[in-house]
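Chemist: Make a model of this:
(chains A and B)
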Amino acid sequence: MSVNAEPRAVTGDTGPGAQQPADLVVPLGRQLAVLAVRYGMFVALLIWIVVMSFSTEHFFSSTNLLNVARQAAPIIIIGVGMTFVMATAGIDLSVGAVVALISCLAASWLALGLSVWIVVPLLLLVGAVLGGINGLAVWAGIPAFIVTLAALVSVRGLAFVYSDGYAVPVTDEAFIWLGRGSILGINTPFVLATVVALVGWFLLNRTRFGLHTLAVGGREEAARVMGLRIGVIKLAVYAITGALAALGGIVVTARLANGSPNAGMSMELDVIAAVVLGGTSLFGGSATIVGTVVGALFINFIRNGLNLMNVDPYWVQVVTGIVLVLAVLLNSVVNRRVVQWARRGAEGRR
Amino acid sequence: MTQAGTMPAAAAAAATDRPTQPALVEMQDISKAFGAVRALTHVNLTIAPAEVLGLVGDNAAGKSTLMKILAGAIQPDSGRILVRGRPVSFSGPIAARDAGIEMIYQDFALVPELTVTQNIFLGRELTGPALGVLRRKAMAERARKLFAELGLRVPSVSASVRELSGGQQQAVAIARATGFDAKLVIMDEPTANLGAPAIAKVRETIARLKAQGVAVIVISHRLEDIFSVGDRFVVMKHGRVVGTRAVSDTDNDEIVQMIVSGSDPRGDRTAAE
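Modeler: Below you'll find the predicted structure:
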């Protein structure tokens, strides 16, 4: 997967010579094709769920569906932050490492007898500070890919240094509830993920901050001359992602009742895959929280379905990778081609 | 609007280069260096309400830098800016826009992924009482009214700018710059790469702004634009003002000579120093 961390230049057709009629009527067939490609992931998820429900016995049971939702929860939580980062045309490779460090810190602080009410806010703060450091470096002009790759390596290293490589069990009941408990029959991790996604959706789509995030990623130079505070926005999206990575780390640690420097290994790839599957552009400017939630669920439903069909777990990895490439193809090349084709249809009809 | 009645007087004042009423904007003794490159050296520039000023000169003459300073996009090393006689300090583009100074950039400075409305309100969104929550309906409503008033056409204010043609994108940029009680609109090469109908539209816009009492500074390589709608030329070279001429008092050859030679053939009218 190639990831372009640089803000991209002008996209779209901005040639001032190109004149277009004001009222284009796109033929219905082509409209449907555009919609099918745009919402391809949603359609694919539905088809997958239907097929799996008929072909395996245990797939469509509330126990299994809730179980998949719980597995997807940390990916959704961190994915919401990653959606903001990618909206600015950035990337954060360090989230899995943050999960590991948070996991070790959580277990060790709880072992000291500190209350959950102190430990959890502190952990979120640590995550926000780690993310904020990434954000400052990106603000300073270092490519996000390099900044967060460095953070991935060194924060994971910190987790091993702090824990000396040992996993520490967690016994605090209140903390474990965050990973294993439930609210009104829904497991706590998925409830947390839902709350995070709702807040994230509101922030992205209904507030000035969300709009400016998209503007910075869409075209940084335009955002600059319009007076947007680009540095502050970048700092904020990385800090938010750091804090959400901490929350994801808390959930993972609570579910396993174990603080380990190996937690969250290559989780950044799952998160990025979920965001990209959902339809958020790698190049910034357009982003979707709903897509990220669907992407995270899709990845986990694929794994779950294949597991239930007794497919070799190694093949599950292969299939997941292929699905990711197909989805990116759909979101970028196919989407662009189909939109252009639909427009040509409209012009041809004029 | 309040200047509309005095418009001919203002134009006449500008033509004699001796304003009888307080200047709208004065840039005094502006200098700016980028590293070792001195982009601007002790530049003075004055513009009256409802005046259309053509800022001309070769590449690297400092026109764009001077205008970006006026628009708040970059800060000068020294010198000061007065708006209606009062010194101002633009920490950024928002401050300049709040003072009524707008700039239309050559590339329009639009975000392709955002909608027409979002682009028009970018940086000064209407928000509710808390947390920067956007008042989306109110903004869409105002954007629609704005286009109707300006007689500019776009397919829909909720279309993303990426879907618009070049001419329509320029309409969005013009609407953004003129829709918020601007007192001075700066246009950077507004007619570059445009076809004849679009150029006519730009000239029409400039004339409309002037009629409303709005001052316009046009950076242009096309002198005929200034001769057709402008009041005054200011010629720059190597970061200095070479000279200034009323449109009625000069011709193409003299302006070209000033641009190329970097000196004022009439000597005594030099604005620099």
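Chemist: can you count the residues close to the residue of the stretch 101-250 of chain B found nearest chain A?
Modeler: When scored by Cβ to the nearest Cβ, the stretch 101-250 of chain B has B:G166 as its residue closest to chain A, at 3.1 Å. Placement of C-beta: from N, CA and C, glycine included. Using other Cβ atoms under 10 Å in any protein chain shown, B:G166 has 20 other residues around it.
Chemist: With the one 4 residues further on instead?
Modeler: Here the number of neighbours of B:Q170 (other Cβ under 10 Å) works out to 23.
Chemist: okay, the residue of the stretch 101-250 of chain B closest to chain A: pLDDT?
Modeler: Per-residue confidence (pLDDT) for B:G166: 83.
Chemist: again, but for A:G15
Modeler: According to the prediction, A:G15 has pLDDT 35.
Chemist: Then the one 5 residues further on?
Modeler: At A:Q20 the predicted local confidence, pLDDT, stands at 39.
Chemist: just B:R135 next, same as before
Modeler: So, for B:R135, pLDDT stands at 91.
Chemist: List the contacts of it.
Modeler: Taking Cβ atoms under 8 Å, 6 or more residues apart in numbering or on different chains, we find B:R135 in contact with B:125-128.
Chemist: which one is A:L308 nearest to, not counting chain neighbours?
Modeler: A:T56 (4.4 Å; Cβ to Cβ, 6 or more residues apart in numbering or on different chains).
Chemist: ok, the residue in the stretch 51-200 of chain A positioned nearest to chain B - how many residues close by?
Modeler: Nearest residue of the stretch 51-200 of chain A to chain B: A:A87, at 9.5 Å (Cβ to the nearest Cβ). Around A:A87 sit 29 other residues, with neighbours defined as other Cβ under 10 Å.
Chemist: Let me see the contact set for the residue lying closest to it once chain neighbours are set aside.
Modeler: Ranked by Cβ to Cβ, 6+ apart and with sequence neighbours excluded, the top spatial neighbour of A:A87 is A:A287, at 3.7 Å. With contacts defined as Cβ under 8 Å, 6+ apart, A:A287 is in contact with A:83-84, A:86-87, A:204, A:213-214, A:217, A:280-281.
Chemist: give me that answer again for 7 Å
Modeler: A:83, A:86-87, A:204, A:214, A:280 (Cβ atoms under 7 Å, 6 or more residues apart in numbering or on different chains).
Chemist: same thing with B:R176?
Modeler: B:119-120.
Chemist: go again using 6 Å as the cut-off
Modeler: By Cβ atoms under 6 Å, 6 or more residues apart in numbering or on different chains, the contact list for B:R176 reads B:I120.
Chemist: State the distance from it to A:L101.
Modeler: 45 Å (Cβ to Cβ, to the nearest Å).
Chemist: B:Q75 too?
Modeler: 41 Å.
Chemist: Those two: which has the busier surroundings?
Modeler: A:L101 (30 against 12).
Chemist: so that one touches A:S154, yeah?
Modeler: No - using Cβ atoms under 6 Å, A:L101 is not in contact with A:S154; the gap is 10.0 Å.
Chemist: count of neighbours near B:D253?
Modeler: Neighbours of B:D253 using other Cβ under 10 Å come to 8.
Chemist: I meant to write B:R136 there.
Modeler: The number of residues packed near B:R136 is 18, by other Cβ under 10 Å.
Chemist: tell me the phi and psi of it?
Modeler: With angles defined as degrees, to the nearest 10, B:R136 sits at phi -70, psi -40.
Chemist: and the residue lying closest to A:G131 once chain neighbours are set aside, what does it touch?
Modeler: Of all residues not flanking A:G131 in the chain, A:G242 sits nearest, at 1.9 Å (Cβ to Cβ, 6+ apart). Counting by Cβ under 6 Å, 6+ apart, A:G242 makes contact with A:127-128, A:130-131.
Chemist: hmm, try it at 10 Å
Modeler: By Cβ atoms under 10 Å, 6 or more residues apart in numbering or on different chains, the contact list for A:G242 reads A:78, A:81, A:92, A:94-95, A:98, A:102, A:124-135, A:151, A:155.
Chemist: swap in B:Q75?
Modeler: Contacts of B:Q75 (Cβ under 10 Å, 6+ apart): B:32, B:68-69, B:89-92.
Chemist: mind listing the helices for the stretch 151-300 of chain A?
Modeler: A:173-180, A:188-206, A:208-218, A:220-225, A:230-256, A:267-278, A:289-308 (DSSP state H, counting those that start in this stretch).
Chemist: Any chance of those helices in JSON lines with distance to B:A138 and mean pLDDT as columns?
Modeler: JSON lines is the format used below for these (distance: least, Cβ to Cβ, whole Å; pLDDT from 0 to 100):
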{"stretch": "helix A:173-180", "distance to B:A138": "41", "mean pLDDT": "93"}
{"stretch": "helix A:188-206", "distance to B:A138": "13", "mean pLDDT": "96"}
{"stretch": "helix A:208-218", "distance to B:A138": "14", "mean pLDDT": "96"}
{"stretch": "helix A:220-225", "distance to B:A138": "22", "mean pLDDT": "92"}
{"stretch": "helix A:230-256", "distance to B:A138": "24", "mean pLDDT": "97"}
{"stretch": "helix A:267-278", "distance to B:A138": "30", "mean pLDDT": "91"}
{"stretch": "helix A:289-308", "distance to B:A138": "24", "mean pLDDT": "91"}
